[in-house]
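Engineer: coords please:
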Amino acid sequence: MKKNKKLLLISSIGGHLTQLLQLEPLFSKYDYHIVTEKSEITEQMKHKYPVSFLVYGGRNYPVRYLFKFSYNIIKSLFLFLKERPDVVITTGAHTAVPMCYIAKLFRKKVIYIESFAKTTTPNLSGRLVYPIADLFIVQWESMKKVYPKAVYGGTIY
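Structural biologist: You can find the predicted model right below:
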């Protein structure tokens, strides 16, 4: 049976990736590809999921981060063109923002799921993606005050 929609799921490593992987029930319903940052831990994902890697870029070294972030933007464009997704789904953070804007350039859908850790204040990636998201989901009812057009989806854990 051919699956008709292709999902590209993208997030940085850590809690954002943990939340993104909670969407695994979707994996059997759609063609999908995961994009995250490369590390010893995420390398193991290759054995279970179709996955591509961006370079890890912590913001604690601003000059180095600028170069890594720029590289990730270019690589994100190539990954997008290779995978040709219909929908980009992300839980953030910085790694995912360029992919969302690339998706919008190609008139594809963007779904952003705000972090479970954010209960009353926005994070930077959420603020950047909110204006372009086709669906913006918050995991806490209190976040509807921060993002009025968001949909309260409950927790994904």
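
Engineer: Checking the residue most central in space within the chain next. Helix, strand or coil?
Structural biologist: Computing the C-alpha centroid of the chain and ranking residues by C-alpha atoms, centre = their mean puts Thr90 first, at 2.3 Å. What DSSP: H, G, I helix; E, B strand; the rest coil gives for Thr90 is strand.

Engineer: Pull up the gap between it and Pro25, please.
Structural biologist: 17 Å (C-beta to C-beta, to the nearest Å). Any C-beta I mention is one placed from the backbone N, CA and C, and that applies to glycine too.

Engineer: my read: the residue nearest to the centre of the chain touches Gly126, true?
Structural biologist: No. Counting by C-beta atoms under 8 Å, Thr90 does not reach Gly126; the two are 9.9 Å apart.

Engineer: okay, and the common contacts of these two?
Structural biologist: By the contact definition C-beta atoms under 8 Å, 6 or more residues apart in numbering, Thr90 and Gly126 are jointly contacted by Tyr112.

Engineer: Once you drop chain neighbours, what's closest to the residue nearest to the centre of the chain?
Structural biologist: By the measure of C-beta to C-beta, 6 or more residues apart in numbering, the closest residue to Thr90 outside its immediate chain neighbours is Ala96, 4.0 Å from it.

Engineer: Run through the bridge partners of the residue nearest to the centre of the chain.
Structural biologist: Beta-bridge pairing for Thr90 (DSSP bridges): Ile10, Tyr112.
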